[in-house]
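[1] below: sequence and its predicted model.
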Amino acid sequence: MSVRLTTAQALVRFLAAQHVERDGVEQRFFGGCFGIFGHGNVAGIGEALYESPELLTYYQARNEQSMVHTAAGYARMRNRLGTLACTSSIGPGATNMVTGAALATVNRLPVLLLPGDVFASRRPDPVLQQLETPWAGDMSVNDVFRPVSRYFDRVWRPEQLIPAALSAMRVLTSAAETGAVTLALPQDVQAEAYDWPEAFLERRVWRIPRPAADAGSVEAAAALVRGARRPLIVAGGGVIYSEAADALRELVDRTGIPVGETQAGKGSLPYDHPLALGGVGATGTLAANRIAAAADVVVGIGTRWTDFTTASKTAFRNPDVRFVNVNVAELDALKQGGIALVGDARTVLGQLAEALDGRSSDDGYRAEAERLARAWDGEVERLYGLGHGPLPAQSEVIGAVNSFSEPSDVVVCAAGSMPGDLHKLWRTRDPKGYHVEYGYSCMGYELAGGLGVKMAAPEREVYVLVGDGSYLMLSEAIVTSLQEGLKLTVVLVDNHGFNSIGALSRSLGTDGFGTRFEARRNGSLGVDSSGPATAALPVDLAANAASLGAKVLRANGVEELRGALREAKEHPATVVIHVEVDRYEGVPSYESWWDVPVSEVSAVESVREARAAYEEARQAERHLL
Ligand SMILES: Cc1ncc(C[n+]2csc(CCOP(=O)(O)OP(=O)(O)O)c2C)c(N)n1
Ligand SMILES: [Mg+2]
């Protein structure tokens, strides 16, 4: 039996029929379809969504990059068991999605991108927005999706959709493979009819397995951990996606091994667990970094081991340190010369717990870790209550939001100086309570990603912490949040510039060059010490947010911020709280380093000094083999 439908109609039916099942729970995989229409999709996918609105809810977006971020935020919040499709026109609408695709792929989050594409027939070539390649007739701008997608296909003929759509689902639902999947859809093919086999359009359930690791490798890993005197667990995003937080806590309680967390893994243990050391690495806590420095066996669970986690390969200083990597992706399981436990985090944690048989760390080591964790909490308390003036410190703003929020609320952030401060200071009380996108650390993710979080978990309050730079880059999601009745509480932290990079620049001898938001005077721009050469800009971001329809509260200092948070909670729709902070009152780093190369030769004295310090610091960088 077959059904006569256009390619676009068949695709929409197919997407609506896809389900996933893990641990016996079945759910629809696609929560809807975001889109912006142009000639490349309005009459194809657009018509299909219009004709059968009951199949897949259409959500109007205002920026294609932003809608992909929303899909990624949604997918992360759903532990990758669901996502949103994103349809765009051809040309600029399509390429606007490339940044979102890269973000999803870096963070291993499933998103399905459906960019329109040039005519398969080539009849009207070159169509509006077609980039012609003189030597390749089959190339379009959509080929830029190839390196940022985990699966790419261009559907040149209707029936080609059948294998393409099945491959897309295979990749989207594979914990090890997942990321952006792109099906480029030539605009004529979208509208072409075909007799589709009914089986293609039927309800389909993709099982998400929980594979166990190889028994011999588990035994080898357990032997290594048993012999360790100073073991450490590094919990990454995989712990949370696999819903392995309880399994982790059980292992920790039985073995006494302390835990440091990556950005994606923050929340794996509640902050007040006695063995929770908090963030580890370049933006890590003193507790985690001290323990990491001397650790002899490090068990990484669901982590990619980025430079922030390893403090650019300086965090683990014990010359004999060995690694065990629990990861569903072989790529990560084999990093740092570790024993690879390829499998699902929850399953493998169970295997490890059994193989370790309750073997616990010695009491002295456990007590040392617990002491460091307690001392760290004191440091957080200090930074939450600095009482800095006249403008507050960013750490106080974070403290006010954290203290006000409920354990199940979600904090969202992505770029700037806040992710590092949050990694150190946010007291996470729920595995899904901390949502900082730090794989791509993409300015502009904050509001758009926060919207996806809220769509996935409407019962939770979502606190979006966004810098003024990120806000200026991408903030139209405020409008979409009002359209959909999805409330965000946005705390817009204004330090008048790109302060994270300003602080980095100052530390590397270049005086914050190009990082302050100031009017150009006398040929100078954004240099800190230039005095009257620069002037403040007459920019009012709070007024901007109000003009987009948000309720806006201006908080002058931390006390007013607390009041604004209370008021915001009572408001049913999106609120933007504007608060200014002192850009020079940053949270320090704690015995960690980040490799950012400094010019080897320079006419600037401060750069030469920074280079000398860089060469010195780099000595500690080592291969982990
Ligand atoms: C899209 C994008 N462009 C550039 C960067 C590099 N970058 C990282 S943080 C930052 C400044 C962010 O400014 P803001 O949002 O105001 O936060 P602040 O650093 O002031 O805390 C820049 C330019 C980035 N992460 N993402
Ligand atoms: Mg800023």
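    Cool, got the structure. Ligands and ions are numbered 1, 2, ... in the order given.
[2] now do the SS call for the nearest residue to residue 515 once chain neighbours are set aside.
    Leaving aside its sequence neighbours, residue 515 sits nearest to residue 502 (C-beta to C-beta, 6 or more residues apart in numbering; 3.6 Å). From N, CA and C alone the C-beta is placed, and that goes for glycine too. Put simply, residue 502 is helix when judged by DSSP: H, G, I helix; E, B strand; the rest coil.
[3] isn't residue 502 right next to residue 517, touching?
    No: using C-beta atoms under 8 Å, residue 502 is not in contact with residue 517; the gap is 10.3 Å.
[4] which one's more surrounded, these two?
    More neighbours sit around residue 502 than around the other of residue 502 and residue 517, counting by other C-beta atoms under 10 Å; the figures are 25 against 19.
[5] list the contacts of the more buried one.
    Neighbouring residues of residue 502 by C-beta atoms under 8 Å, 6 or more residues apart in numbering: 512, 515-516, 528, 583.
[6] look through the stretch 101-250 of the chain and state the residue closest to ligand 2.
    residue 103 (20.1 Å; C-beta to the ion).
[7] residue contacts, residue 574?
    Neighbours of residue 574 in contact, by C-beta under 8 Å, 6+ apart: 478, 481-482, 486-490, 549-551.
[8] reformat those as CSV; add pLDDT.
    CSV is the format used below for the contacts of residue 574 (pLDDT from 0 to 100):
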residue, pLDDT
478, 98
481, 98
482, 98
486, 98
487, 98
488, 98
489, 99
490, 99
549, 98
550, 98
551, 98
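[9] now flag whichever of the residues you listed is closest to ligand 2.
    Of all these, the one with the least separation from ligand 2 (C-beta to the ion) is residue 490, at 14.3 Å.
[10] which of the three states applies to the closest one?
    At residue 490, secondary structure determined by three-state DSSP is strand.
[11] any idea what it is bridged to?
    On the basis of DSSP bridges, residue 490 takes part in beta bridges with residue 464, residue 576.
[12] the strands in the stretch 51-200 of the chain, which residues?
    Read by DSSP state E, counting those that start in this stretch, the stretch 51-200 of the chain holds these strands, from start to end of the chain: 58-60, 83-88, 111-117, 151-154, 180-186, 193-197.
[13] residue 356: which of those is closest?
    Comparison of these against residue 356 by C-beta to C-beta identifies strand 83-88 as nearest, at 35.9 Å.
[14] for that closest one, what is the average pLDDT?
    Mean pLDDT, taken over the full extent of strand 83-88, equals 98.
[15] could you do stretch 422-442 as well?
    The predicted model assigns stretch 422-442 a mean pLDDT of 98.
[16] show me which positions of that stretch end up buried.
    Of the residues in stretch 422-442, those scored as buried under the neighbour-count criterion (16 or more other C-beta atoms under 10 Å) are 422-429, 431-442.
[17] those residues also near ligand 1: which ones?
    The overlap between those and the neighbours of ligand 1 (C-beta under 6 Å from any ligand atom) comes to 441-442.
[18] for ligand 1, what are the nearby residues on this structure?
    Counting by C-beta under 6 Å from any ligand atom, the residues of the chain that sit close to ligand 1 are 415-418, 441-444, 467-470, 495, 497-501.
[19] picking up where we left off before, counting neighbours, which of the contacts of residue 502 comes out on top?
    residue 515 (25 neighbours).
[20] and the gap between it and ligand 2?
    The gap separating residue 515 from ligand 2 is 9 Å, by C-beta to the ion, to the nearest Å.
[21] quick one: contacts for that residue?
    The contact partners of residue 515, taken as C-beta under 8 Å, 6+ apart, are 497-499, 501-502, 505, 526.
[22] of those residues, which are in range of ligand 2?
    Among these, the residues within reach of ligand 2 (C-beta under 5 Å from the ion) are residue 499.
[23] neighbour-wise, which one of the contacts of residue 515 leads?
    The member of the contacts of residue 515 surrounded by the most neighbours (other C-beta under 10 Å) is residue 499, with 29 neighbours in all.
[24] give me the three-state assignment for the residue nearest to that residue when sequence neighbours are not counted.
    What sits nearest to residue 499 in space, not counting adjacent residues and going by C-beta to C-beta, 6+ apart, is residue 583, at 4.5 Å. Counting by three-state DSSP, the backbone at residue 583 sits in coil.
[25] what's the pLDDT at residue 583?
    What the model reports for residue 583 is a pLDDT of 96.
[26] one more: the one 4 residues further on?
    Model confidence at residue 587, given as pLDDT, is 97.
[27] ok, now residue 360?
    As summarised for this prediction, residue 360 has a pLDDT of 76.
[28] isn't it right up against residue 256?
    Yes: contact status for residue 360 versus residue 256: in contact at 4.4 Å, counting by C-beta under 8 Å.
[29] the two: who's more crowded?
    When residue 360 and residue 256 are compared on other C-beta under 10 Å, the one with more neighbours turns out to be residue 256, at 21 against 13.
[30] which residues sit in contact with the residue nearest to the spatial centre of the chain?
    Against the mean C-alpha coordinate of the chain, by C-alpha atoms, centre = their mean, the closest residue is residue 437 at 2.3 Å. Listed by C-beta under 8 Å, 6+ apart, the contact partners of residue 437 are 72-73, 76, 103, 107, 412-414, 445, 449.
[31] swap the cut-off to 7 Å and go again
    With contact set as C-beta atoms under 7 Å, 6 or more residues apart in numbering, residue 437 has these partners: 103, 107, 414, 445, 449.
[32] among these, which ones are in helices?
    Assignment to helices by DSSP state H places the following of the contacts of residue 437 there: 103, 445, 449.
[33] who wins for neighbours among those residues?
    Going through the ones in helices among the contacts of residue 437 with other C-beta under 10 Å as the criterion, the one with the most neighbours is residue 445, at 36 neighbours.
[34] ok, the residue nearest to residue 384 when sequence neighbours are not counted - contacts?
    Closest residue in space to residue 384, ignoring its immediate chain neighbours: residue 399 at 2.8 Å, by C-beta to C-beta, 6+ apart. For residue 399, the residues meeting the contact criterion (C-beta under 7 Å, 6+ apart) are 383-385.
[35] alpha carbons only: can I get the strand or helix carrying residue 506 in PDB?
    Taking DSSP states H and E as the definition, one finds residue 506 inside helix 499-507. Extracted as PDB, the C-alpha positions of helix 499-507 are listed here (Å, rounded to 0.1, in the frame of the first residue of the first chain):
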ATOM      1  CA  ASN A 499      34.700  41.800  30.000                       C
ATOM      2  CA  SER A 500      35.700  38.200  30.100                       C
ATOM      3  CA  ILE A 501      38.000  38.900  27.100                       C
ATOM      4  CA  GLY A 502      38.900  42.300  28.600                       C
ATOM      5  CA  ALA A 503      40.200  40.500  31.700                       C
ATOM      6  CA  LEU A 504      42.000  37.900  29.600                       C
ATOM      7  CA  SER A 505      43.500  40.700  27.500                       C
ATOM      8  CA  ARG A 506      44.600  42.600  30.600                       C
ATOM      9  CA  SER A 507      46.300  39.500  31.900                       C
END
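[36] right, and the helix or strand after that helix?
    Next along the chain after helix 499-507, taking DSSP H and E as the criterion, comes strand 518-519.
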